[in-house]
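Trainee: sequence and computational prediction follow.
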Amino acid sequence: MSQVEDFVKEVEGLQEAEGKVLIITGKPGSGKSGVLREAAAKKAWDYVDCRLLITEDFLELLPALRQEKAPQMIAEILDGYNSEVVLLDRLQTLFVPVFHIDVADLLRKLGKKFVIVAAWPGYYENGCLCYDKFDGTESIKISADGFKIWNMD
């Protein structure tokens, strides 16, 4: 079985789960985006670049309201797509501090409505998802509780 076939099987198994969030981990260049795009084409799932989720309406919100409003606003955008499975790439877009988005909370809330697959641009270690800055310092570390992890390394 190919890597994409394994991935598709993993995602399809998630459709009956309570929390429908699969996080693909792997270093830059490990093939996360390629697997997402190939699976999207094969299964007619929606591939979404997270840069498209930061809309003008979102940016016009007061920073103090962004964290609260982000899940609803992003869910409304995803409602416009046509599949039950949404593949999110470039997740690090949502890490920008001025956006005030709690990415873990956002994914958990979206996972109640959609099957969400997110390409995490880092690694999984000791029950946490970690993302490091380019200088090697850790910038984000969140609990992976409630997420299924699929590693590309």
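Mentor: Looks like it arrived, so ask away. Please read these numbers as outputs of a predicted model, since none were measured by experiment. Numbering: from 1, shown residues only.

Trainee: so what does the worst-scoring helix or strand of the chain on mean pLDDT touch, helix or strand wise?
Mentor: One helix or strand of the chain scores below all others by mean pLDDT, DSSP states H and E: strand 138-143, with a mean of 85. Applying 3 or more CB pairs under 8 Å, 6 or more residues apart in numbering; DSSP states H and E, one finds that strand 138-143 contacts helix 103-110, strand 128-132. All C-beta atoms are positioned from the backbone trio N, CA, C, and that covers glycine.

Trainee: partners of the residue nearest in space to the middle of the chain in the sheet?
Mentor: Geometric centre of the chain, nearest residue: A118, 2.6 Å, by CA atoms, centre = their mean. Residues in a beta bridge with A118, per DSSP bridges, are I23, L88.

Trainee: what comes into contact with the helix of greatest length in the chain?
Mentor: Ranked by residue count, the top helix of the chain under DSSP state H comes out as helix 63-79. Helix 63-79 is contacted from outside by 46, 48, 52-53, 55, 57-58, 61, 86, 98-102, 105-106, 109-110, 113-114, using CB atoms under 8 Å, 6 or more residues apart in numbering.

Trainee: output the helices and strands packed on strand 138-143 as JSON lines; include the columns distance to V21.
Mentor: Converted to JSON lines, the helices and strands packed on strand 138-143 look like this (distance: least, CB to CB, whole Å):
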{"stretch": "helix 103-110", "distance to V21": "5"}
{"stretch": "strand 128-132", "distance to V21": "11"}
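
Trainee: worst mean pLDDT among the ones you listed?
Mentor: Looking at the helices and strands packed on strand 138-143, the lowest mean pLDDT belongs to strand 128-132 (a mean of 92).

Trainee: what is that strand packed up against?
Mentor: Looks like strand 128-132 contacts strand 123-125, strand 138-143 (3+ CB pairs under 8 Å, 6+ apart).
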